[in-house]
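*Asks:* Need coordinates for the below:
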Amino acid sequence: MEDGNPNDIITENNLKLINFTKRDMISKVIREIQGYQYVNYNIKSSEDLARLLDKLPDATEEFEKVLYELSLKREPRQQS
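*Replies:* Numbers count the residues shown, from 1 in each chain. All right, here's what the predicted structure looks like:
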């Protein structure tokens, strides 16, 4: 939404208008997320999962780059 839709719309008369369609799309997504936040989820804790997550490295920018490079090796981007 953010990248594919301009914040403003320029009319034929060169008027700069707010893109309310984009704002409406964003508000719908926010309302959907808020709906999920008000639900109580009955999730049981798992010691095994907690230990596994504790072993993961911190999500630093350097680690993100490593993961991205591994991702490209596994699934190279197609040339356009």
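*Asks:* Tell me the predicted confidence for the residue in the chain sticking out farthest from the centre.
*Replies:* In the chain, the residue that sits farthest from the middle, by CA atoms, centre = their mean, is Asn13; the gap is 35.7 Å. If you check Asn13, the pLDDT there is 94.
*Asks:* Where does it sit: helix, strand or coil?
*Replies:* Per DSSP: H, G, I helix; E, B strand; the rest coil, the secondary structure class of Asn13 is coil.
*Asks:* quick one: it from Glu75, how far?
*Replies:* Remark: distance between Asn13 and Glu75 (CB to CB, to the nearest Å) = 47 Å. Any C-beta I mention is one placed from the backbone N, CA and C, and that applies to glycine too.
*Asks:* Could you do Val66 as well?
*Replies:* Val66 sits 16 Å away from Glu75, going by CB to CB.
*Asks:* ok, the two, which is more surrounded?
*Replies:* Set Val66 next to Glu75 and count neighbours by other CB atoms under 10 Å: Val66 wins out with 11 against 8.
*Asks:* Doesn't the more buried one lie inside a helix?
*Replies:* Yes: counting by three-state DSSP, Val66 is located in a helix.
*Asks:* Now do it against Leu56, distance only.
*Replies:* 13 Å.
*Asks:* Could you do Gln78 as well?
*Replies:* From Gln78 over to Leu56 the distance is 30 Å, taken as CB to CB.
*Asks:* Comparing these two, which residue is more hemmed in?
*Replies:* For the pair Gln78 and Leu56, the greater number of neighbours falls to Leu56 (8 against 5), based on other CB under 10 Å.
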